[in-house]
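Student: Sharing a sequence plus its predicted fold:
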Amino acid sequence: MSNMNGVSTLSEASTTTDVLISARGVRKSFGQTEALRGIDLDIRRGEVLAVMGPSGSGKSTLLHCLAGVIVPDAGTVTIGDTVVSGLDEPGRARLRLTELGFVFQFGQLLPDLTALDNVSIPLLLAGMKRRDALGIARDWLGRLGLTGLGRKLPGELSGGEAQRVAIARALAPAPKVLFADEPTGSLDSLASENVMSMLLGLVRESGTTVVIITHDPRTAAYADREIIVRDGTLSGVAGVQ
Amino acid sequence: MNNSLTLLGLLSLEPSYGYDLKHSYDRYFGSRKPLAFGQVYATLARMIRDGFILAAGDEAGGGPDRKKYEILPEGRAHLEKWMFTPDVPSESLQSNLFAKTVVALLLDDDANRLLDIQRSEHMARMRELTKLKQNAALLEVLMYDHALFHIEADLRWIDLTSARLGELKASL
């Protein structure tokens, strides 16, 4: 199958198993440090999973391996029928652009572009015409309660507004999976709650699978399930159910 | 805190006299509220009746006691069940969880596991409360927030304790 701009997309063949993302025996070291020491994890289609654990436990490395940002030293990561860990860098870049969305702690919006342009960027990069991209971007800003703020630069927005722009940017291309690394880490309690309620409302509607790294139990409580990463392994509730 | 189960935990370490048990209890759990001797012996009598311990020997210990108490397999099973069954998340820090953690460390049992089990239970309750908040009126939201923040405080204690287990083990 193909998405809006003709790039081949993840197969839907694995719907029978209901597992969209699967990691088996994933290991990753940086120099002498073993960041991941054999992770087995299944994430169901449409599931919202919180990844928790102490600082330096390997949470971000796990997310980067699942999202094809880095390649594990051993083990496999699959999303649908795509063996992410087997793709070369251009293949992984294409996958990230067309199938995956990302939200980071500080939004990481491009500071010289308006909110509207920031949201339209991934659509333009995927080959969409500017006019269509701006239309979709405007729609997503509206869904996140940001109507009227499209012309603002990131520096003119509050932390919560900027993070909602980042979410609009991540969701606008209709990704299969949204990866969020501490999406509420820089926000106060009320802004965190607004961001999480809106994010969850939207992904539940679209059936998007979400992986959220968070230290914050109140953010994790929006998820269907949490896993704990400790010393590069999963502890607590098992990753494979 | 469940005095009976904490005493059972101490007895699981080694057979002990009531007098020594009371002092062990006060050291680990009773710094602010020491246990009365009468309470210790009444609890021990109940545990004998329930088949969790037995009274043996008639040599004098550190105090006036002549009976030494020993845990039975049924008592050990009862203790294990308590340690690894999560408590219902409440809005105040649970002394029971503190007692379980200390007993698990004393017995060289898996304290991390019981903290993980409890964390999972707390997160499940937080998920329930978060769902309830979604369509609630603002006053109800405030009430749920109050519960959520208190449970979160417990979770922070669980995380910090989990990170300190090695150090705690060495200090006991």
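Tutor: Good, I have the coordinates. Worth saying up front: this structure is predicted, and the values here are computed from it rather than measured.
Student: alpha carbons only for contacts and neighbour counts from here, please
Tutor: OK.
Student: Excluding chain neighbours, what is closest to the residue in chain B that chain A sits nearest to?
Tutor: Proximity of chain B to chain A (C-alpha to the nearest C-alpha) peaks at residue B:127, 4.5 Å away. Once flanking residues are discounted, residue B:127 sits nearest to residue A:221: 4.5 Å by C-alpha to C-alpha, 6 or more residues apart in numbering or on different chains.
Student: pretty sure residue B:162 is touching residue B:117, no?
Tutor: No: applying C-alpha atoms under 8 Å as the test, residue B:162 and residue B:117 come out as separate, 11.9 Å apart.
Student: Show me which residues of chain B sit near chain A.
Tutor: Within reach of chain A by C-alpha under 8 Å from any C-alpha of the partner chain, chain B has these residues: B:113, B:116-117, B:120, B:123-124, B:126-127, B:130-131, B:134, B:148, B:152, B:155.
Student: ok, now with 7 Å
Tutor: B:113, B:116, B:117, B:123, B:126, B:127, B:130, B:152 (C-alpha under 7 Å from any C-alpha of the partner chain).
Student: re earlier: quick one: residues contacting the residue nearest to residue B:127.
Tutor: Taking C-alpha atoms under 7 Å, 6 or more residues apart in numbering or on different chains, we find residue A:221 in contact with B:123, B:126, B:127, B:130.
Student: Which pLDDT value goes with residue B:149?
Tutor: As predicted, residue B:149 sits at a pLDDT of 92.
Student: how close does it sit to residue A:117?
Tutor: 38 Å (C-alpha to C-alpha, to the nearest Å).
Student: Name the residue in the two with the higher neighbour count.
Tutor: Each of residue B:149 and residue A:117 has its neighbours counted (other C-alpha atoms under 10 Å in any protein chain shown); residue A:117 has more, 23 against 15.
Student: Look up how far residue A:86 lies from the more buried one.
Tutor: 33 Å.
Student: Report how many residues lie close to the residue lying closest to residue B:140 once chain neighbours are set aside.
Tutor: For residue B:140, ignoring the flanking residues on the chain, the nearest one in space by C-alpha to C-alpha, 6+ apart is residue B:133 at 7.4 Å. By the criterion of other C-alpha under 10 Å, residue B:133 has 17 neighbours.
Student: Next, the buried residues of the helix or strand residue B:133 falls within.
Tutor: According to DSSP states H and E, residue B:133 maps onto helix B:111-134. Neighbour counts over helix B:111-134 (16 or more other C-alpha atoms under 10 Å in any protein chain shown) mark B:111-127, B:129-130, B:133 as buried.
Student: Next: stretch A:53-61.
Tutor: By 16+ other C-alpha under 10 Å, the buried positions in stretch A:53-61 come out as A:53, A:54, A:57, A:58, A:59, A:60, A:61.
Student: Pretty sure residue A:233 is one of the things the fourth one touches, is it not?
Tutor: No: no contact is recorded between residue A:58 and residue A:233 when judged using C-alpha atoms under 7 Å, the distance being 8.0 Å.
Student: what do the two both touch?
Tutor: residue A:36.
Student: low-scoring pLDDT stretches of the chain, where are they?
Tutor: This is for chain A. A:1-17, A:107, A:236-241 (pLDDT under 70).
Student: that's the wrong chain, I wanted chain B
Tutor: B:58-65, B:91-94.
Student: how much space between residue B:15 and residue B:84?
Tutor: Residue B:15 is 23 Å from residue B:84, by C-alpha to C-alpha.
Student: out of all of them, which helix in the chain is the longest?
Tutor: The chain I'm using is chain A. helix A:189-206 (DSSP state H).
Student: Wait, chain B was what I had in mind.
Tutor: helix B:138-163.
Student: Beyond that helix, next helix or strand please.
Tutor: Assigned by DSSP H and E, the successor of helix B:138-163 is helix B:165-171.
Student: what's in contact with that following helix?
Tutor: Outside helix B:165-171, the residues that reach it (C-alpha under 7 Å, 6+ apart) are residue B:105.
Student: just how off-centre is that helix within its chain?
Tutor: Put simply, helix B:165-171 sits 17 Å off its chain's centre (C-alpha atoms, centre = their mean, to the nearest Å).
Student: just to revisit the earlier point, pretty sure the residue of chain B closest to chain A is in contact with residue A:222, am I right?
Tutor: Yes: using C-alpha under 7 Å, residue B:127 is in contact with residue A:222, at 6.2 Å.
Student: Spell out which residues are contacts of both of residue B:162 and residue B:117.
Tutor: With C-alpha under 7 Å, 6+ apart, residue B:162 and residue B:117 have no common neighbours.
Student: Angles on the backbone of residue A:70, please.
Tutor: phi -130, psi 160 (degrees, to the nearest 10).
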